[in-house]
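Participant: sequence plus predicted model, see below.
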Amino acid sequence: MNLLAHPMEYAILPKVTIGREINVVTVCTVDHSIRVVTKIKNTMKKTKKKYGRYVALSVALSLLVGTIGVAQESTKLSDPEVAHVAVVANQIDIDYATIATKKSKNADILKFAQTMANDHEAVIKQAAELAKKLGVTPKDNAVSKQLLEDAKKKQKELNGYSRAAFDQAYIDNEVAYHKAVIGAVENLLIPETDNGELKALLENVVPALKAHLAHAEMVQKELTSKK
Amino acid sequence: MNRWIGVFGWFAFAVAAGWLVGGCQQVRHQAAARVDVSLRQMQFAPTEVRVHAGDTVVFTNNDIVTHDVTEETAKLWTSGPLVVGESFAFVAQKDVTYYCSIHPIMKGKITVE
């Protein structure tokens, strides 16, 4: 059975097995979104399942900022590495917001960007406080490096838009970015995390990310209706 | 004799206790009440509260980011930014719908009975 609607999609982590034959499969699509489909499974073996989980992590996170690359790393992230990925993912959206405050004149965009900057800064602060409490230093890793590298490309792209085209490009990216981050946090980072407090922080961030997504979609709809 | 005194004593105690409890309840109904609404996980919890005119609704930010509480229809009043742990008290006189102007998907309602 082919689960992929497009050849560039990656089927990742047959992670949750329901009963003996049905797997829940997460699929990263070309437009950053992550969709979940169920698959009737007869032949997949446990070893394949385990391998797929680790490959999936780097594939899905590389998709966060638009790069569809072949996963090269298949190493499980440690908690300090998960913390670093979380901090980097928040910082990237703050950087997008900084570009928006410089380029946009639209009140809704500016307000949304300010909320993103404030909220993601608050999350980073809490992650830093937790890391200090636990006595761990967020650790640079291949996934966070890839995120930063891809974000630089996206920032360059956003900076290149004319003022007229920027608002739409920015809010479209915010919708796609938050969808991808929610999928990655829920399906990858939280399950990868061992420490209970770090896991709880990630779980607490999810409602904020979902609210940001709904807010971004609201602004996106407003922009579209005014055209 | 002592037995009757004991029975009478217990009866008097029960009457007095009943009067006290009843009296307190009556006072509680008459006094303005406090109703708490928690801002957590990007929601007002509970989303809707039913109060009497003059009751005080206390909003407390128990979330991980700053919120506010703002009257929705005409922006007649606002709490201003509530940082984590901060509260805002509002005396309800009539029905009102409110939202968080920072995160507009957060909405709530006070119904005055």
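Facilitator: Yep, that arrived. Numbering: from 1, shown residues only, chains lettered A, B, ... in the order given.
Participant: for B:Tyr98, give the beta-bridge partners.
Facilitator: B:Glu71, B:Gly108 (DSSP bridges).
Participant: quick check: it touching B:Glu72?
Facilitator: Yes. Assessed by C-beta atoms under 8 Å, B:Tyr98 is found in contact with B:Glu72 at 5.5 Å. Placement of C-beta: from N, CA and C, glycine included.
Participant: what sits up against stretch A:92-107?
Facilitator: Stretch A:92-107 has contacts (C-beta atoms under 8 Å, 6 or more residues apart in numbering or on different chains) with A:65, A:109-110, A:112-114, A:116-117, A:120-121, A:124, A:147-148, A:151, A:154-155, A:158-159, A:161, A:163, A:166-167, A:170, A:173-174, A:177, A:223.
Participant: between B:Tyr98 and B:Glu72, who's got more neighbours?
Facilitator: Each of B:Tyr98 and B:Glu72 has its neighbours counted (other C-beta atoms under 10 Å in any protein chain shown); B:Tyr98 has more, 25 against 16.
Participant: list the contacts for the more buried one?
Facilitator: Contacts of B:Tyr98 by C-beta under 8 Å, 6+ apart are B:44, B:69-72, B:107-110.
Participant: against A:Phe112, how distant is it?
Facilitator: 20 Å (C-beta to C-beta, to the nearest Å).
Participant: is the residue at minimal distance from the centre of chain B in a helix, a strand, or coil?
Facilitator: Computing the C-alpha centroid of chain B and ranking residues by C-alpha atoms, centre = their mean puts B:Val35 first, at 0.8 Å. The local conformation at B:Val35, judged by DSSP: H, G, I helix; E, B strand; the rest coil, is strand.
Participant: bridging residues for it?
Facilitator: Under DSSP bridges, the beta-bridge partners of B:Val35 are B:Val57.
Participant: give me every residue in chain B lying close to chain A.
Facilitator: Applying C-beta under 8 Å from any C-beta of the partner chain, we find that chain B lies next to chain A at B:41-43, B:63-66, B:84, B:102-106.
Participant: turn these into JSON lines, including pLDDT and neighbour count.
Facilitator: Compiled in JSON lines, the residues of chain B next to chain A are given as follows (pLDDT from 0 to 100; neighbours: other C-beta atoms under 10 Å in any protein chain shown):
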{"residue": "B:Gln41", "pLDDT": "96", "neighbour count": "17"}
{"residue": "B:Met42", "pLDDT": "97", "neighbour count": "23"}
{"residue": "B:Gln43", "pLDDT": "97", "neighbour count": "18"}
{"residue": "B:Asp63", "pLDDT": "97", "neighbour count": "25"}
{"residue": "B:Ile64", "pLDDT": "96", "neighbour count": "19"}
{"residue": "B:Val65", "pLDDT": "97", "neighbour count": "24"}
{"residue": "B:Thr66", "pLDDT": "98", "neighbour count": "19"}
{"residue": "B:Val84", "pLDDT": "96", "neighbour count": "15"}
{"residue": "B:Ile102", "pLDDT": "97", "neighbour count": "20"}
{"residue": "B:His103", "pLDDT": "97", "neighbour count": "23"}
{"residue": "B:Pro104", "pLDDT": "96", "neighbour count": "19"}
{"residue": "B:Ile105", "pLDDT": "95", "neighbour count": "16"}
{"residue": "B:Met106", "pLDDT": "98", "neighbour count": "23"}
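Participant: nearest to A:Asn195 among the residues you listed?
Facilitator: Closest to A:Asn195 out of the residues of chain B next to chain A is B:Ile64 (17.5 Å), distances taken as C-beta to C-beta.
Participant: and the closest one, helix, strand or coil?
Facilitator: Assignment for B:Ile64 (three-state DSSP): coil.
Participant: hmm, it is touching A:Val206, no?
Facilitator: No. At 10.8 Å, B:Ile64 and A:Val206 do not qualify as touching, with contact defined as C-beta under 8 Å.
Participant: so where do the helices sit in chain A?
Facilitator: Under the criterion DSSP state H, helices of chain A are mapped to A:46-63, A:79-103, A:107-134, A:142-160, A:163-184, A:190-192, A:196-226.
Participant: by contact count, what packs against the shortest one?
Facilitator: Counting by 3 or more C-beta pairs under 8 Å, 6 or more residues apart in numbering or on different chains; DSSP states H and E, the packing neighbours recorded for helix A:190-192 are helix A:196-226.
Participant: repeat that for the fourth one.
Facilitator: Taking 3+ C-beta pairs under 8 Å, 6+ apart as the contact definition, the neighbouring helices and strands of helix A:142-160 are helix A:46-63, helix A:79-103, helix A:163-184.
Participant: so in chain B, where's the weakest helix or strand by average pLDDT?
Facilitator: Using mean pLDDT, DSSP states H and E, the weakest-scoring helix or strand in chain B turns out to be helix B:2-30, at a mean of 52.
Participant: show me the shaky parts of chain A.
Facilitator: A:1-75 (pLDDT under 70).
Participant: so what are the domain limits for it?
Facilitator: For chain A, automatic domain parsing gives the domain ranges A:10-63, A:79-226.
Participant: check chain B too.
Facilitator: Following automatic domain parsing, one finds the domains of chain B at B:1-31, B:34-112.
Participant: please identify the most buried of the ones you listed.
Facilitator: Most buried of those by mean neighbour count (mean count of other C-beta atoms under 10 Å in any protein chain shown) is domain B:34-112; its value is a mean of 17.
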